[in-house]
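Student: based on what follows, work out the 3D shape:
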Amino acid sequence: MRSIITAPLFLFSRHAQWVLIAGLVAGVAFPASAGFLRPHIPVMVALILFLSALRMDISALNLRRAVLLKDLGLVLALQIISPFVAYTVLTLMQAPEVWRDVLTVLFSSAAITGIPAFSFLMGLDGARAMRILVIGTALLPLTTLPVLAILPNVAAETSLLGVSLKMLALIIVAAIAALTLRKPVMRLLGEDGPQLLNGLNALALAIFVLALMDAVQPVLLSDPLRLLGILAIAISVNIGPQIAFVVWASWRAKASGTIPSPSDLTPSLACGLRNMALFLAALPASVTDPWLLFIGCYQVPMYLTPLLMRPVLAWAQARAATSSQ
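Tutor: Here you go, the predicted model:
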(Lines give C-alpha, C1' and ligand atoms only; values in the text may rest on other atoms or scores of the structure.)
Protein backbone atom coordinates (compact mmCIF):
# COMPACT_ATOMS: atom_id res chain seq x y z
CA MET A 1 0.00 0.00 0.00
CA ARG A 2 1.40 3.35 -1.02
CA SER A 3 2.17 5.68 1.86
CA ILE A 4 1.12 9.28 2.23
CA ILE A 5 4.63 10.28 1.09
CA THR A 6 5.06 8.02 -1.92
CA ALA A 7 1.56 8.46 -3.34
CA PRO A 8 2.17 12.10 -4.38
CA LEU A 9 5.51 11.11 -5.91
CA PHE A 10 3.82 8.50 -8.11
CA LEU A 11 1.35 11.19 -9.14
CA PHE A 12 4.16 13.65 -9.93
CA SER A 13 5.96 10.98 -11.94
CA ARG A 14 2.89 10.13 -14.04
CA HIS A 15 2.16 13.80 -14.71
CA ALA A 16 5.70 15.21 -14.67
CA GLN A 17 5.16 17.60 -17.57
CA TRP A 18 2.21 19.19 -15.76
CA VAL A 19 4.21 19.46 -12.54
CA LEU A 20 6.82 21.46 -14.47
CA ILE A 21 4.12 23.71 -15.93
CA ALA A 22 2.71 24.25 -12.44
CA GLY A 23 6.17 25.41 -11.38
CA LEU A 24 6.19 27.96 -14.21
CA VAL A 25 2.75 29.27 -13.28
CA ALA A 26 3.76 29.55 -9.62
CA GLY A 27 6.95 31.38 -10.62
CA VAL A 28 4.93 34.01 -12.49
CA ALA A 29 2.24 34.24 -9.81
CA PHE A 30 4.61 34.47 -6.83
CA PRO A 31 7.71 36.45 -7.90
CA ALA A 32 8.65 37.09 -4.26
CA SER A 33 9.56 33.41 -3.92
CA ALA A 34 12.64 34.05 -6.07
CA GLY A 35 14.18 36.23 -3.37
CA PHE A 36 13.93 33.37 -0.88
CA LEU A 37 15.03 30.58 -3.22
CA ARG A 38 17.78 32.22 -5.29
CA PRO A 39 20.45 32.00 -2.55
CA HIS A 40 19.76 28.25 -2.41
CA ILE A 41 20.24 27.60 -6.15
CA PRO A 42 23.51 25.63 -5.64
CA VAL A 43 21.77 23.32 -3.14
CA MET A 44 18.84 22.77 -5.52
CA VAL A 45 21.20 22.08 -8.43
CA ALA A 46 23.08 19.52 -6.34
CA LEU A 47 19.81 17.83 -5.33
CA ILE A 48 18.58 17.59 -8.94
CA LEU A 49 21.92 16.15 -10.06
CA PHE A 50 21.96 13.71 -7.14
CA LEU A 51 18.45 12.43 -7.92
CA SER A 52 19.34 12.01 -11.60
CA ALA A 53 22.59 10.19 -10.87
CA LEU A 54 20.77 7.80 -8.52
CA ARG A 55 19.05 6.43 -11.63
CA MET A 56 22.37 5.44 -13.22
CA ASP A 57 24.53 2.41 -12.83
CA ILE A 58 28.21 3.32 -13.28
CA SER A 59 28.39 0.96 -16.27
CA ALA A 60 25.61 2.93 -17.98
CA LEU A 61 27.88 5.97 -18.23
CA ASN A 62 29.80 4.13 -20.98
CA LEU A 63 33.13 5.94 -20.67
CA ARG A 64 34.77 4.27 -23.67
CA ARG A 65 37.10 6.50 -25.69
CA ALA A 66 35.02 6.43 -28.88
CA VAL A 67 31.88 7.42 -26.97
CA LEU A 68 33.63 10.25 -25.16
CA LEU A 69 35.15 11.58 -28.39
CA LYS A 70 31.73 11.56 -30.04
CA ASP A 71 30.23 13.58 -27.20
CA LEU A 72 33.26 15.88 -27.15
CA GLY A 73 32.69 16.69 -30.83
CA LEU A 74 29.03 17.40 -30.11
CA VAL A 75 29.91 19.75 -27.23
CA LEU A 76 32.45 21.65 -29.32
CA ALA A 77 29.88 22.12 -32.08
CA LEU A 78 27.26 23.35 -29.62
CA GLN A 79 29.51 25.67 -27.61
CA ILE A 80 31.79 27.08 -30.33
CA ILE A 81 30.19 26.72 -33.76
CA SER A 82 26.57 27.52 -32.83
CA PRO A 83 27.37 30.85 -31.08
CA PHE A 84 29.40 32.02 -34.08
CA VAL A 85 26.49 31.12 -36.35
CA ALA A 86 24.12 33.02 -34.05
CA TYR A 87 26.44 36.05 -33.94
CA THR A 88 26.78 36.12 -37.73
CA VAL A 89 23.04 35.84 -38.34
CA LEU A 90 22.18 38.49 -35.74
CA THR A 91 24.84 40.85 -37.10
CA LEU A 92 23.51 40.46 -40.65
CA MET A 93 20.00 41.11 -39.33
CA GLN A 94 21.32 44.26 -37.59
CA ALA A 95 19.79 43.05 -34.33
CA PRO A 96 20.14 45.36 -31.31
CA GLU A 97 23.42 44.87 -29.48
CA VAL A 98 21.76 43.58 -26.31
CA TRP A 99 20.00 40.81 -28.28
CA ARG A 100 23.15 39.96 -30.22
CA ASP A 101 25.10 39.64 -26.98
CA VAL A 102 22.58 37.64 -24.94
CA LEU A 103 21.77 35.17 -27.74
CA THR A 104 25.43 34.63 -28.62
CA VAL A 105 26.21 34.01 -24.95
CA LEU A 106 23.20 31.68 -24.73
CA PHE A 107 24.44 29.50 -27.58
CA SER A 108 27.94 29.40 -26.09
CA SER A 109 26.55 28.05 -22.80
CA ALA A 110 26.82 24.45 -21.62
CA ALA A 111 23.71 22.33 -21.13
CA ILE A 112 21.64 22.98 -18.02
CA THR A 113 22.45 20.94 -14.94
CA GLY A 114 18.93 19.50 -15.08
CA ILE A 115 19.44 17.86 -18.47
CA PRO A 116 19.82 14.32 -17.02
CA ALA A 117 16.57 14.84 -15.11
CA PHE A 118 14.77 16.00 -18.25
CA SER A 119 16.21 13.01 -20.13
CA PHE A 120 14.81 10.53 -17.63
CA LEU A 121 11.42 12.28 -17.56
CA MET A 122 11.23 12.02 -21.38
CA GLY A 123 12.49 8.44 -21.71
CA LEU A 124 15.83 9.47 -23.21
CA ASP A 125 19.37 8.48 -22.22
CA GLY A 126 20.19 10.08 -18.86
CA ALA A 127 23.72 8.65 -18.86
CA ARG A 128 24.56 10.33 -22.16
CA ALA A 129 23.00 13.55 -20.89
CA MET A 130 25.30 13.37 -17.85
CA ARG A 131 28.36 12.89 -20.09
CA ILE A 132 27.39 15.88 -22.22
CA LEU A 133 26.80 17.96 -19.09
CA VAL A 134 30.17 17.13 -17.51
CA ILE A 135 32.17 17.62 -20.73
CA GLY A 136 30.39 20.86 -21.59
CA THR A 137 30.81 22.37 -18.13
CA ALA A 138 34.47 21.31 -17.90
CA LEU A 139 35.30 22.88 -21.26
CA LEU A 140 33.24 26.05 -20.83
CA PRO A 141 36.13 28.32 -19.74
CA LEU A 142 37.99 27.30 -22.92
CA THR A 143 35.11 27.20 -25.40
CA THR A 144 33.96 30.68 -24.40
CA LEU A 145 37.33 32.29 -25.16
CA PRO A 146 36.83 32.62 -28.94
CA VAL A 147 33.20 33.63 -28.43
CA LEU A 148 34.02 36.33 -25.89
CA ALA A 149 36.64 37.69 -28.27
CA ILE A 150 33.81 38.96 -30.52
CA LEU A 151 31.76 40.32 -27.59
CA PRO A 152 33.97 43.00 -26.02
CA ASN A 153 31.15 44.36 -23.84
CA VAL A 154 30.77 40.95 -22.21
CA ALA A 155 34.39 39.77 -22.31
CA ALA A 156 35.66 42.74 -20.31
CA GLU A 157 33.55 41.69 -17.33
CA THR A 158 33.72 37.91 -17.53
CA SER A 159 35.61 35.54 -15.22
CA LEU A 160 34.14 32.12 -15.90
CA LEU A 161 36.96 29.89 -14.72
CA GLY A 162 36.18 29.98 -11.01
CA VAL A 163 32.42 29.69 -11.52
CA SER A 164 32.80 26.81 -14.00
CA LEU A 165 35.16 24.92 -11.70
CA LYS A 166 32.71 25.30 -8.80
CA MET A 167 29.86 24.02 -10.98
CA LEU A 168 31.98 21.12 -12.24
CA ALA A 169 32.94 20.23 -8.66
CA LEU A 170 29.26 20.32 -7.68
CA ILE A 171 28.38 17.96 -10.53
CA ILE A 172 31.17 15.52 -9.70
CA VAL A 173 30.44 15.48 -5.95
CA ALA A 174 26.70 14.94 -6.55
CA ALA A 175 27.42 12.15 -9.05
CA ILE A 176 29.93 10.39 -6.77
CA ALA A 177 27.56 10.62 -3.80
CA ALA A 178 24.68 9.23 -5.84
CA LEU A 179 26.70 6.39 -7.36
CA THR A 180 28.02 5.50 -3.89
CA LEU A 181 24.55 5.44 -2.33
CA ARG A 182 22.72 4.03 -5.33
CA LYS A 183 22.52 0.38 -4.27
CA PRO A 184 21.21 0.93 -0.72
CA VAL A 185 18.79 3.65 -1.87
CA MET A 186 17.39 1.58 -4.74
CA ARG A 187 17.13 -1.44 -2.43
CA LEU A 188 15.15 0.70 0.01
CA LEU A 189 12.85 2.08 -2.70
CA GLY A 190 12.33 -1.31 -4.34
CA GLU A 191 11.03 -1.86 -7.85
CA ASP A 192 9.21 1.48 -7.79
CA GLY A 193 12.49 3.34 -7.25
CA PRO A 194 12.84 4.83 -10.76
CA GLN A 195 9.26 6.09 -10.72
CA LEU A 196 9.67 7.63 -7.26
CA LEU A 197 12.89 9.34 -8.32
CA ASN A 198 11.16 10.72 -11.42
CA GLY A 199 8.50 12.20 -9.17
CA LEU A 200 11.12 13.75 -6.89
CA ASN A 201 12.98 15.16 -9.89
CA ALA A 202 9.83 16.73 -11.31
CA LEU A 203 9.07 18.33 -7.95
CA ALA A 204 12.65 19.60 -7.53
CA LEU A 205 12.66 21.12 -11.03
CA ALA A 206 9.30 22.80 -10.39
CA ILE A 207 10.64 24.40 -7.21
CA PHE A 208 13.92 25.36 -8.87
CA VAL A 209 12.24 27.48 -11.56
CA LEU A 210 10.62 29.66 -8.92
CA ALA A 211 14.05 31.22 -8.32
CA LEU A 212 14.33 32.46 -11.92
CA MET A 213 10.91 33.88 -12.81
CA ASP A 214 10.64 37.10 -10.78
CA ALA A 215 11.26 39.40 -13.77
CA VAL A 216 8.24 38.11 -15.69
CA GLN A 217 5.18 39.21 -13.68
CA PRO A 218 5.85 42.99 -13.68
CA VAL A 219 6.16 43.05 -17.48
CA LEU A 220 3.17 40.74 -17.89
CA LEU A 221 1.05 43.28 -16.02
CA SER A 222 2.53 46.45 -17.54
CA ASP A 223 3.41 45.50 -21.13
CA PRO A 224 2.06 42.06 -22.13
CA LEU A 225 2.76 42.57 -25.85
CA ARG A 226 6.45 43.13 -25.12
CA LEU A 227 6.46 40.00 -23.00
CA LEU A 228 4.86 37.99 -25.81
CA GLY A 229 7.53 39.17 -28.24
CA ILE A 230 10.36 38.18 -25.91
CA LEU A 231 8.64 34.86 -25.18
CA ALA A 232 8.42 34.16 -28.93
CA ILE A 233 12.18 34.71 -29.25
CA ALA A 234 12.82 32.46 -26.24
CA ILE A 235 10.70 29.67 -27.74
CA SER A 236 12.40 29.93 -31.13
CA VAL A 237 15.94 29.68 -29.72
CA ASN A 238 15.02 26.91 -27.28
CA ILE A 239 12.59 24.59 -29.06
CA GLY A 240 13.84 25.44 -32.57
CA PRO A 241 17.32 23.89 -32.17
CA GLN A 242 15.80 20.84 -30.49
CA ILE A 243 13.46 20.22 -33.41
CA ALA A 244 16.28 20.83 -35.90
CA PHE A 245 18.46 18.19 -34.21
CA VAL A 246 15.63 15.64 -34.06
CA VAL A 247 14.89 16.16 -37.77
CA TRP A 248 18.59 15.74 -38.57
CA ALA A 249 18.84 12.57 -36.42
CA SER A 250 15.71 11.21 -38.10
CA TRP A 251 17.15 11.90 -41.54
CA ARG A 252 20.41 10.15 -40.64
CA ALA A 253 18.53 7.14 -39.30
CA LYS A 254 16.32 6.97 -42.38
CA ALA A 255 19.37 7.12 -44.65
CA SER A 256 20.97 4.20 -42.80
CA GLY A 257 17.74 2.20 -42.49
CA THR A 258 17.70 2.32 -38.69
CA ILE A 259 15.53 3.84 -35.96
CA PRO A 260 17.02 6.66 -33.84
CA SER A 261 17.56 5.36 -30.32
CA PRO A 262 16.89 7.38 -27.15
CA SER A 263 20.66 7.91 -26.95
CA ASP A 264 20.72 9.27 -30.52
CA LEU A 265 17.97 11.77 -29.69
CA THR A 266 19.27 12.87 -26.27
CA PRO A 267 21.58 15.61 -27.67
CA SER A 268 18.48 17.45 -28.87
CA LEU A 269 18.00 18.57 -25.26
CA ALA A 270 21.54 19.95 -25.10
CA CYS A 271 20.84 21.96 -28.25
CA GLY A 272 18.03 23.91 -26.60
CA LEU A 273 18.40 23.68 -22.83
CA ARG A 274 21.36 25.99 -22.14
CA ASN A 275 22.70 27.10 -18.77
CA MET A 276 22.81 30.90 -18.51
CA ALA A 277 23.23 30.66 -14.74
CA LEU A 278 27.02 30.43 -15.02
CA PHE A 279 27.14 33.75 -16.84
CA LEU A 280 24.76 35.31 -14.32
CA ALA A 281 27.20 34.27 -11.61
CA ALA A 282 30.28 35.46 -13.52
CA LEU A 283 29.02 38.80 -14.84
CA PRO A 284 28.10 41.97 -12.95
CA ALA A 285 24.51 43.15 -12.75
CA SER A 286 25.28 46.02 -15.13
CA VAL A 287 25.71 43.46 -17.92
CA THR A 288 23.05 40.91 -16.96
CA ASP A 289 20.17 43.14 -15.81
CA PRO A 290 18.97 43.75 -19.41
CA TRP A 291 18.97 39.96 -19.90
CA LEU A 292 16.84 38.98 -16.90
CA LEU A 293 13.44 39.21 -18.59
CA PHE A 294 14.65 37.08 -21.50
CA ILE A 295 16.16 34.54 -19.08
CA GLY A 296 12.85 34.37 -17.22
CA CYS A 297 10.96 33.85 -20.49
CA TYR A 298 13.53 31.24 -21.53
CA GLN A 299 12.41 29.04 -18.64
CA VAL A 300 8.96 28.72 -20.23
CA PRO A 301 9.93 26.66 -23.32
CA MET A 302 12.53 24.87 -21.22
CA TYR A 303 9.89 23.60 -18.82
CA LEU A 304 7.47 22.95 -21.67
CA THR A 305 10.06 20.75 -23.40
CA PRO A 306 8.57 17.40 -22.23
CA LEU A 307 5.11 18.48 -23.42
CA LEU A 308 6.25 19.99 -26.74
CA MET A 309 9.04 17.60 -27.71
CA ARG A 310 7.51 14.21 -26.90
CA PRO A 311 5.35 14.28 -30.08
CA VAL A 312 8.38 15.36 -32.13
CA LEU A 313 10.49 12.52 -30.74
CA ALA A 314 7.68 10.03 -31.38
CA TRP A 315 7.34 11.34 -34.95
CA ALA A 316 11.07 10.90 -35.60
CA GLN A 317 11.06 7.30 -34.41
CA ALA A 318 7.83 6.45 -36.24
CA ARG A 319 9.15 8.01 -39.45
CA ALA A 320 12.37 6.03 -39.27
CA ALA A 321 10.48 2.82 -38.41
CA THR A 322 8.21 3.25 -41.44
CA SER A 323 11.08 3.88 -43.82
CA SER A 324 13.05 0.88 -42.53
CA GLN A 325 10.23 -1.59 -43.25
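Student: please state the backbone phi and psi of residue 95?
Tutor: Phi and psi for residue 95, reported as degrees, to the nearest 10, are phi -70, psi 150.
Student: 575 is where my numbering starts, stick with that
Tutor: Done: numbering now begins at 575, and the last item shifts to residue 669.
Student: ok now do it, which residues does it touch?
Tutor: residue 677 (Cβ atoms under 8 Å, 6 or more residues apart in numbering). Where you see a C-beta, it was placed from the backbone N, CA and C, and this is true even at glycine.
Student: likewise for residue 791?
Tutor: Residue 791 neighbours (Cβ under 8 Å, 6+ apart): 602, 603, 605.
Student: residue 837 contacts residue 703, correct?
Tutor: No: with contact defined as Cβ atoms under 8 Å, residue 837 and residue 703 do not form a contacting pair (9.5 Å).
Student: neighbour count winner among those two?
Tutor: For residue 837 versus residue 703, neighbours defined as other Cβ atoms under 10 Å are more numerous around residue 703 (29 against 16).
Student: just the pLDDT for the more buried one.
Tutor: Looking at residue 703, its pLDDT is 94.
Student: from residue 652, how far out is residue 882?
Tutor: Using Cβ to Cβ, to the nearest Å, residue 882 is found at 20 Å from residue 652.
Student: higher neighbour count, those two?
Tutor: residue 652 (24 against 15).
Student: what is the neighbour count of the residue nearest to the more buried one when sequence neighbours are not counted?
Tutor: Spatial nearest neighbour of residue 652, excluding adjacent residues (Cβ to Cβ, 6 or more residues apart in numbering): residue 844 at 6.0 Å. By other Cβ under 10 Å, the residues close to residue 844 number 26.
Student: can you tell me the element residue 844 falls in?
Tutor: helix 841-846 (DSSP states H and E).
Student: same for that helix, what does it pack against?
Tutor: helix 639-650, helix 689-695, helix 700-722, helix 798-830, helix 866-898 (3 or more Cβ pairs under 8 Å, 6 or more residues apart in numbering; DSSP states H and E).
Student: ramachandran angles for residue 685?
Tutor: phi -70, psi 150.
Student: contacts only, for the residue lying closest to it once chain neighbours are set aside.
Tutor: Distance criterion Cβ to Cβ, 6+ apart; nearest residue to residue 685, sequence neighbours excluded, is residue 844 at 4.2 Å. By Cβ under 8 Å, 6+ apart, the contact set of residue 844 is 648, 649, 652, 685, 689, 703, 706, 707, 710.
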